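In: model the following, please.
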Amino acid sequence: METTVLIGCGGKIIKEPESTWEKELAKAPKFFASRLAFMTPDHHKVRNFVVSELPRNAGKPLPIAALSQQLGMRPDKLDRILGDLEKNLFFLVRDDSGAVLWAFPVTAAKTPHVVRFNSGESSFAA
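Out: Numbers count the residues shown, from 1 in each chain. Next comes the predicted model:
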């Protein structure tokens, strides 16, 4: 008897043969490589930084001016990168002032989900 995998889909739990799941899983590296192809090293630097800093920012969005200074990046370049990240994969969401409010998986917005990190920090989760 083949092992099955339970998959949540549209409010239902469906059973799939493990072999079907493994075939789909094997496609993941190529899929994600193509989805991330637009990202330069600076895109990764910005995204990684905002994800790590949001939980440390006392539940407040990260303003572009502060990010620009902390990252040593011109505000116009940072704004362009933030726009790319917001547009291409929905990595982040900015508020009306342009400050980073969400950087998946964390957010400065109050949600019903809270994550706690080994460092002792916690954050609302997206």
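
In: going forward, measure contacts between C-alpha atoms and count neighbours the same way
Out: Fine.

In: stretch 88-104: which residues count as buried?
Out: For stretch 88-104, burial by neighbour count (16 or more other CA atoms under 10 Å) applies to 91, 92, 93, 94, 98, 99, 100, 101, 102, 103, 104.

In: for beta bridges, what are the partners of the fourth one?
Out: Same thing as residue 94. Beta-bridge partners for residue 94, by DSSP bridges, are residue 100.

In: who's in contact with it?
Out: 86, 100, 101, 102 (CA atoms under 8 Å, 6 or more residues apart in numbering).

In: equivalent analysis for the first one, please.
Out: By CA under 8 Å, 6+ apart, the residues touching residue 91 are 47, 85, 103, 104.

In: could you do the fifth one as well?
Out: Neighbouring residues of residue 98 by CA under 8 Å, 6+ apart: 63, 64.

In: just the strands in the protein please.
Out: 4-9, 12-17, 92-94, 100-103, 106-107, 114-116, 122-125 (DSSP state E).

In: mind giving me the packing neighbours of the second one?
Out: Strand 12-17 sits against strand 4-9, with contacts defined as 3 or more CA pairs under 8 Å, 6 or more residues apart in numbering; DSSP states H and E.

In: buried set for the strand it packs on?
Out: Neighbour-count burial for strand 4-9 [16+ other CA under 10 Å]: residue 5.

In: stretch 29-43 now?
Out: residue 43.

In: quick one: average pLDDT of it?
Out: For stretch 29-43, mean pLDDT rounds to 90.

In: neighbouring contacts of that stretch?
Out: 81, 82, 85, 89.

In: need the distance between the two termini of that stretch.
Out: 19 Å (CA to CA, to the nearest Å).

In: the contacts of residue 91 in helices, which ones?
Out: Those of the contacts of residue 91 mapping onto helices are 47, 85, per DSSP state H.

In: nothing else from me, thank you.
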